[in-house]
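A.B. asks: pasting the structure only:
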Ligand SMILES: [Zn+2]
């Protein structure tokens, strides 16, 4: 392994954790999209992009784990390119940053906070959608839905929120063959041991 890469590995923490949270007000004129999955018959969310509150929280968790600026700074709503954009593209970019930094996603755990619609019937589809966007097996994704219990702006059915944590782990190094060693206690007598002669007391 090149020395610079070895040094980078030596200073890189083996794990990094990130936290993301997001909220959007309802806009019944728009479709509701959660984890890249359209939920029929539910009020949508207002936002510059497709307002996928779950993907936004996950995206911020990934960027946060890497110590990078959050979505608001990276994909500003003042940028017309992101108008109505599917939020999967933001997550794609965050996933690419994870790989670029030498990590893989170990798991993601997320909570959707909403008084309406009732999300329980859709949770598995949303979880599968999130797994597809993250290119992870579904068993690496935790997803829960909590009602607002009538409290605050969520309880008043004004909008929806999401929270997510993501754990990154160092990408496994490419397997390299273990250095060969002469068995301990073996003595070279008579004919010269070829391996020993070549290696000359391994540095
Ligand atoms: Zn958002």
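C.D. replies: That came in fine, so what should we check first? It should be emphasised that the depicted structure is a prediction, and the values quoted were computed from it without experimental measurement.
A.B. asks: For the closest residue to the ion within the chain, what are phi and psi?
C.D. replies: Across the chain, the shortest distance to the ion (CB to the ion) belongs to residue 56, at 3.4 Å. In short, each C-beta sits where N, CA and C put it, glycine included. Main-chain torsions, residue 56, degrees, to the nearest 10: phi -70, psi -40.
A.B. asks: can you count the residues close to it?
C.D. replies: If you count neighbours by other CB atoms under 10 Å, residue 56 ends up with 28.
A.B. asks: dump the residue contacts of it.
C.D. replies: 20, 22, 71, 87, 90, 162 (CB atoms under 8 Å, 6 or more residues apart in numbering).
A.B. asks: where are the low-confidence patches of this protein?
C.D. replies: 1-10, 173-203 (pLDDT under 70).
A.B. asks: tell me which element the residue nearest the centre of it falls in.
C.D. replies: Residue closest to the mean C-alpha point of the chain, counted by CA atoms, centre = their mean, is residue 62 at 4.6 Å. Secondary-structure element containing residue 62, defined by DSSP states H and E: helix 53-65.
A.B. asks: right, and the helix or strand after that helix?
C.D. replies: helix 71-74.
A.B. asks: Show me what secondary structure element comes after that following helix.
C.D. replies: With secondary structure assigned by DSSP H and E, helix 71-74 is succeeded by helix 88-100.
A.B. asks: What about the ion: which of the contacts of residue 56 touch it?
C.D. replies: Among those, proximity to the ion is found for residue 22 (CB under 5 Å from the ion).
A.B. asks: which pair in the contacts of residue 56 spans the largest distance?
C.D. replies: The largest separation in the contacts of residue 56, counting by CB to CB, is between 90 and 162 at 13.6 Å.
A.B. asks: Get me the contact residues on this structure for the ion.
C.D. replies: By CB under 5 Å from the ion, the residues of the chain that approach the ion are 22, 56.
A.B. asks: Which stretches in the chain count as helices?
C.D. replies: Taking DSSP state H, the helices of the chain run over residues 3-11, 53-65, 71-74, 88-100, 123-134, 152-155, 194-199.
A.B. asks: For the third one, buried residues please.
C.D. replies: Judged by neighbour count (16 or more other CB atoms under 10 Å), helix 71-74 contains these buried residues: 71, 74.
A.B. asks: helices or strands up against that helix?
C.D. replies: Helices and strands touching helix 71-74, by 3 or more CB pairs under 8 Å, 6 or more residues apart in numbering; DSSP states H and E, are helix 53-65, helix 88-100.
A.B. asks: Run through who's touching it.
C.D. replies: For helix 71-74, contacts defined as CB under 8 Å, 6+ apart pick out 22, 56, 59, 60, 63, 68, 90, 93.
A.B. asks: before we move on, the earlier item: wait, which of the helices and strands packed on helix 71-74 is closest to residue 144?
C.D. replies: Once the helices and strands packed on helix 71-74 are compared by CB to CB, helix 53-65 is nearest, at 11.2 Å.
A.B. asks: buried sites along the closest one?
C.D. replies: Buried, per 16+ other CB under 10 Å, within helix 53-65: 53-65.
A.B. asks: ok, now stretch 88-96?
C.D. replies: 88, 89, 90, 91, 94, 95.
A.B. asks: Now tabulate those residues in JSON lines and tack on distance to residue 13.
C.D. replies: Listed next are these as JSON lines, based on distance: CB to CB, whole Å:
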{"residue": "88", "distance to residue 13": "28"}
{"residue": "89", "distance to residue 13": "28"}
{"residue": "90", "distance to residue 13": "25"}
{"residue": "91", "distance to residue 13": "23"}
{"residue": "94", "distance to residue 13": "18"}
{"residue": "95", "distance to residue 13": "19"}
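A.B. asks: Right, I'll call it a day here.
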